[in-house]
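**Student:** I'd like to go over a predicted model; first the sequence, then the structure.
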Amino acid sequence: MKMKGRKRLKKKKFSFSLTIVLVLIASLIAACSNGSKGATNTAAPTTGATTATPSSNNPKDVTLRFSWWGAQDRNKATLEAIDLYMKKNPGVKIQGEYMDYNGFYEKLVAQLSGGTAPDIIQIVDRWFLDLAGQKPFLLDLDTQKSIDFSTVDPEFMKTQLFNGKKVGFPTGLQGGVLLYNKAFFKKFGIPEDTVWTWDNLIEWGKKVQAQDKNSYLFSTDSDELDTLLRTYQKQLTGNQWIKDDYSFGWTKDDMVKMLTFTKSLFDQGVTEPLAKAILYKNKSNENPAWIKGTLGMQYKFISLIPNYLKIKEHELGVAALPVGNGMKDTGVYTGSTLLLSINAASKNAEEAAKFINWMSNDPEAIGILGTTRGVPATQKARDLLLKDNKIDPLVNQALETALKTSSKVLPDNAVSQNQELYKIWTDTLDQVGYGKMTPEQATDELIKQFDAKLKTLKK
């Protein structure tokens, strides 16, 4: 039905007035938003990676979201670095979204799948296949010329590529060593210069138990056992955990041998019972037995050693990982602690890249961040921190020890780092550690579950 001219005029006036009101409200909201300062700890918003925020004063104003996990020292240093960057770049606002490690990966996958992920994301290299595989959620950083990769050793950088692409800037160097309590070694007559083997680890563990049933040479949980046994497997076979053709890098007999060794660790009292160790998973520096001095040694990633140095009563040392007779490779893992990546869907990739480069290569940022994401991956940063006594000599020694014995079967390929396979494997280790399965039973079940999952992944 046609409207009368007067009614149409009233409606036009009303619409015009409403438009003006909405524009004014939007302007006020934008002004308030642009006026807020400082990084914020915020839950993920319902929208995706941020888009450029228009401003009449500075058309290049942007808001970036940056998500990470970590302890309080990492959070504090990162927020301080963010504040400094925003002062130096007033057109950029960075929202920090940080949390505990537990649940971070699951939340990130949901955000990426739903299009709500942050612009800048802290990741680990074992997530490459899941985050940059069939659906590439991570940007190839070679497309961003503002990131200077020349500060990272090119040979090391090769271990951080996924399908030939740089999907993250490594924040630190990582490696595995044995961390031991010097007083414990002295008490039980263990020479500090012992060259550890899989056999003498068992032998010394039994000697410790013979002297004191409440003391254990070793302590480990299923996560640490995973890395330790992958070292064993590479020494035994010289292969990737899972080969590029999705077949096993080990035989059934190899796996039975590895799990029999695992069983011996617990059955013969070499290592603390798993039921106790598991209570301090990923935080064994808080284990009362370690603090008390009744645990002698642990497998540790270098980035975690500073947590153990906080116990002032302990004098600690480091040693290379155990070796086996006739080994085909050292099996020692070295790689990155963490990487900083850019969401492939980010509308502000250029600004995100500038921030990552600043965090990684700027002297002021390096000084603020220190070793909160591990011993830096760039020689420039290591030199600066060593000069300022911000890298502990024991940590530096541990890094040198790991690098000297680094595996040649690196980097670990993507399928070897698949999180679903990892969960199946660590659950298997728990079953053996708790004595619920024999090595033979656990091997059969592992092969069955791995076969099923690999068929799915191969499609």
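**Tutor:** Thanks, I have the structure now.
**Student:** C-alpha only now, for contacts and for neighbours.
**Tutor:** Fine.
**Student:** and residue 354, what does it touch?
**Tutor:** Each residue near residue 354 by CA atoms under 8 Å, 6 or more residues apart in numbering is listed here: 146-147.
**Student:** And the pLDDT for it?
**Tutor:** What the model reports for residue 354 is a pLDDT of 98.
**Student:** Just the CA trace of stretch 95-110, in CSV.
**Tutor:** What follows is stretch 95-110, C-alpha atoms only, in CSV (Å, rounded to 0.1, in the frame of the first residue of the first chain):
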residue,chain,number,x,y,z
GLN,A,95,45.5,-6.9,24.2
GLY,A,96,47.2,-9.6,26.2
GLU,A,97,45.2,-12.9,26.6
TYR,A,98,47.1,-15.2,29.0
MET,A,99,46.3,-18.2,31.0
ASP,A,100,47.7,-21.5,32.4
TYR,A,101,48.9,-24.1,30.0
ASN,A,102,46.1,-26.5,30.9
GLY,A,103,43.4,-26.0,28.4
PHE,A,104,45.3,-23.5,26.2
TYR,A,105,45.7,-25.8,23.2
GLU,A,106,42.0,-26.9,23.3
LYS,A,107,40.9,-23.3,23.5
LEU,A,108,43.2,-22.2,20.7
VAL,A,109,41.9,-25.0,18.4
ALA,A,110,38.3,-24.0,19.1
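**Student:** Please tell me how far residue 349 sits from residue 120.
**Tutor:** Residue 349 sits at a distance of 9 Å from residue 120 (criterion: CA to CA, to the nearest Å).
**Student:** Who has more neighbours out of those two?
**Tutor:** Under the neighbour definition other CA atoms under 10 Å, residue 349 and residue 120 were set side by side, and residue 120 has more, 27 against 23.
**Student:** how near is the more buried one to residue 436?
**Tutor:** 43 Å.
**Student:** repeat for residue 204
**Tutor:** Taking CA to CA as the measure, residue 204 falls 26 Å from residue 436.
**Student:** Which one's more surrounded, those two?
**Tutor:** Legend: neighbour count by other CA under 10 Å for residue 204 and residue 436, higher for residue 204 (19 against 12).
**Student:** okay but the more buried one is in contact with residue 217, surely?
**Tutor:** Yes. Because the distance of 7.3 Å satisfies CA atoms under 8 Å, residue 204 is recorded as touching residue 217.
**Student:** Which neighbours do the two have in common?
**Tutor:** Listed as contacting both residue 204 and residue 217 by CA under 8 Å, 6+ apart are residue 270.
**Student:** and residue 401, that's in a helix?
**Tutor:** Yes. Under DSSP: H, G, I helix; E, B strand; the rest coil, residue 401 falls within a helix.
**Student:** show me what contacts it?
**Tutor:** Per CA under 8 Å, 6+ apart, neighbours of residue 401: 177, 319-320.
**Student:** Backbone dihedrals for the residue nearest to residue 74 when sequence neighbours are not counted, both of them.
**Tutor:** Among residues not flanking residue 74 along the chain, residue 372 sits closest, at 5.0 Å (CA to CA, 6 or more residues apart in numbering). Backbone torsions of residue 372, given as degrees, to the nearest 10, read phi -70, psi -20.
**Student:** who's residue 372 bridged to?
**Tutor:** Beta-bridge pairing of residue 372, defined through DSSP bridges, involves residue 374.
**Student:** Sketch out the low-pLDDT regions of the stretch 51-200 of the chain for me.
**Tutor:** The model of the stretch 51-200 of the chain has pLDDT under 70 over residues 51-59.
**Student:** Now do the strands in it.
**Tutor:** Along the stretch 51-200 of the chain, counting by DSSP state E, counting those that start in this stretch, strands occupy 62-69, 92-99, 120-123, 169-170, 172-181.
**Student:** Let's have these in TSV, adding distance to residue 198.
**Tutor:** What follows is these, written out as TSV (distance: least, CA to CA, whole Å):
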stretch	distance to residue 198
strand 62-69	34
strand 92-99	38
strand 120-123	32
strand 169-170	32
strand 172-181	13
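**Student:** ok, and which of these has the densest surroundings?
**Tutor:** Of those, the one with the most neighbours on average (mean count of other CA atoms under 10 Å) is strand 169-170, at a mean of 28.
**Student:** Who are the packing partners of that one?
**Tutor:** Contacts defined by 3 or more CA pairs under 8 Å, 6 or more residues apart in numbering; DSSP states H and E place strand 169-170 against strand 339-342.
**Student:** What lies in contact with the strand it packs on?
**Tutor:** Taking CA under 8 Å, 6+ apart as the rule, strand 339-342 contacts 119-125, 138-139, 141, 167-172, 349, 352-353, 356.
**Student:** rerun that using 6 Å as the cut-off
**Tutor:** Residues lying outside strand 339-342 but in contact with it, judged by CA atoms under 6 Å, 6 or more residues apart in numbering, are 119-124, 138-139, 168-171.
**Student:** what about residue 354, helix or strand, and which?
**Tutor:** helix 349-361 (DSSP states H and E).
**Student:** Send over that helix as PDB, restricted to the C-alpha atoms.
**Tutor:** C-alpha atoms of helix 349-361 as PDB (Å, rounded to 0.1, in the frame of the first residue of the first chain):
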ATOM      1  CA  ALA A 349      49.500  -9.400   9.900                       C
ATOM      2  CA  GLU A 350      51.900  -6.600   9.000                       C
ATOM      3  CA  GLU A 351      51.600  -4.900  12.400                       C
ATOM      4  CA  ALA A 352      51.700  -8.300  14.100                       C
ATOM      5  CA  ALA A 353      55.000  -9.100  12.300                       C
ATOM      6  CA  LYS A 354      56.500  -5.800  13.400                       C
ATOM      7  CA  PHE A 355      55.700  -6.600  17.000                       C
ATOM      8  CA  ILE A 356      57.200 -10.100  16.800                       C
ATOM      9  CA  ASN A 357      60.400  -8.800  15.300                       C
ATOM     10  CA  TRP A 358      60.600  -6.100  18.000                       C
ATOM     11  CA  MET A 359      60.000  -8.700  20.800                       C
ATOM     12  CA  SER A 360      62.700 -11.000  19.300                       C
ATOM     13  CA  ASN A 361      65.400  -8.600  18.200                       C
END
